[in-house]
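Structure here, sequence nowhere to be found:
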Ligand code: PEP
Ligand code: MG
């Protein structure tokens, strides 16, 4: 039995053989940022910018956004902060971006689709993020939610670069992006896998609906196989493939994700200690063996069991 992870020293994320896996935090507010710093996050892997504006009736100005982003980035001098542009729609509607009623909002005008339809809002946000980058010492990256193909990737990367952002990536939340991972990684600087939505869309199971919750399981081998496609493509392209969905907060699954090719993990800060401790118990070869076993499972339950079982040798 290992020591209580919470009392273990805060060290940079790594496996038993020293293979580095930066452990980052998911944040939505300056309060979350303070907690992340306290609990030893190596940066922010997902800054959910829409959380700042859920109550706004009108689009925030560039000045308001610059002030908010600068406050958040200032908590992470010298560290990487990945800001996601507004993920409006479905479970997170923003009244100034989502006005039309939709029967199936999870399949509707959300994420990058909504921003593209109101490009001035996206331009203002990227401008404010660039301002915050200039005002702080954080290493800012930006990424867009719900990217479905290379056309959307090219659109977002070009706009980000035009407005002064240097590191521009795509979230992998729609299964099509895993199928097209090579194309996407030719254009994007990195990919960050949002396992909550990737699972919802792979299994066609609404993440907010209790009656299909059993299908909303990131251990499902279909989800793991898509993650492997992304990890392999990232390896070939020499680009980062992070995971920022809740899956990264499950210590046993975090090991499997690294075995599938994840290069960094981002989670709510409260999960960092347990994941840090678990990663230290395996080498990269062992993580890959666990991933291999989980990929062969016939169900999420079996994937959990196979990953936990001892290897054949
Ligand atoms: C995800 O979908 O996994 C994700 C990280 O984004 P959100 O949970 O905010 O939709
Ligand atoms: Mg998502």
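Arrived safely, thanks for sending. This one's a predicted model, so the numbers in the text were calculated from it and none came from an experiment. Ligands and ions are numbered 1, 2, ... in the order given.

I figured residue 46 hits residue 248, correct?
No: the pair residue 46 and residue 248 does not pass the contact test of Cβ atoms under 8 Å, sitting 9.6 Å apart. In this view, the C-beta of every residue, glycine as well, is placed from N, C-alpha and C.

Quick check: neighbours shared by the two?
residue 266 (Cβ atoms under 8 Å, 6 or more residues apart in numbering).

These two: which is more packed in?
For residue 46 versus residue 248, neighbours defined as other Cβ atoms under 10 Å are more numerous around residue 248 (31 against 28).

ok but the more buried one is inside a helix, no?
Yes: under the criterion used here (DSSP: H, G, I helix; E, B strand; the rest coil), residue 248 sits inside a helix.

From residue 187, how far off is residue 237?
10 Å (Cβ to Cβ, to the nearest Å).

surely residue 58 meets residue 97?
No: shown here, residue 58 and residue 97 do not form a contact pair, counting by Cβ under 8 Å, at 10.8 Å.

So between the two, which is more surrounded?
Higher neighbour count among residue 58 and residue 97: residue 97, with 22 against 8, using other Cβ under 10 Å.

residues touching the more buried one, list them.
59, 86, 88-89, 114-115, 118, 121.

Also residue 170?
By Cβ under 8 Å, 6+ apart, residue 170 lies in contact with 143-144, 147, 152-153, 156-157, 177, 184, 188, 191-192.

Show me what it is bridged to.
When bridges are taken as DSSP bridges, the partners of residue 170 come out as residue 144, residue 191.

So which bits of the stretch 51-200 of the chain are right by ligand 1?
Taking Cβ under 6 Å from any ligand atom as the contact definition, the stretch 51-200 of the chain meets ligand 1 at 87, 173, 194-197.

picking that back up, make a ChimeraX selection of the buried ones in the contacts of residue 170.
The ChimeraX command for the buried members of the contacts of residue 170 (criterion: 16 or more other Cβ atoms under 10 Å) is given here:
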select :143,144,147,152,153,156,157,177,184,188,191,192
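
Could you dump the contacts of residue 170 into CSV with pLDDT and distance to ligand 2 added?
Below are the contacts of residue 170 laid out as CSV (pLDDT from 0 to 100; distance: Cβ to the ion, whole Å):
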residue, pLDDT, distance to ligand 2
143, 98, 11
144, 98, 11
147, 98, 11
152, 98, 15
153, 98, 16
156, 98, 15
157, 98, 19
177, 98, 12
184, 98, 16
188, 98, 16
191, 98, 13
192, 98, 10
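
what about the strands in this structure?
Taking DSSP state E to define them, one finds strands in the chain at 23-27, 43-48, 80-84, 139-144, 167-172, 190-193, 240-243, 264-267.

Distance to residue 228 for those strands - can I get that in CSV?
Below are the strands of the chain laid out as CSV (distance: least, Cβ to Cβ, whole Å):
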stretch, distance to residue 228
strand 23-27, 21
strand 43-48, 20
strand 80-84, 22
strand 139-144, 21
strand 167-172, 12
strand 190-193, 11
strand 240-243, 10
strand 264-267, 16
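
Flag the shaky bits of the stretch 201-313 of the chain, pLDDT-wise.
Residue ranges of the stretch 201-313 of the chain with pLDDT under 70: 310-313.
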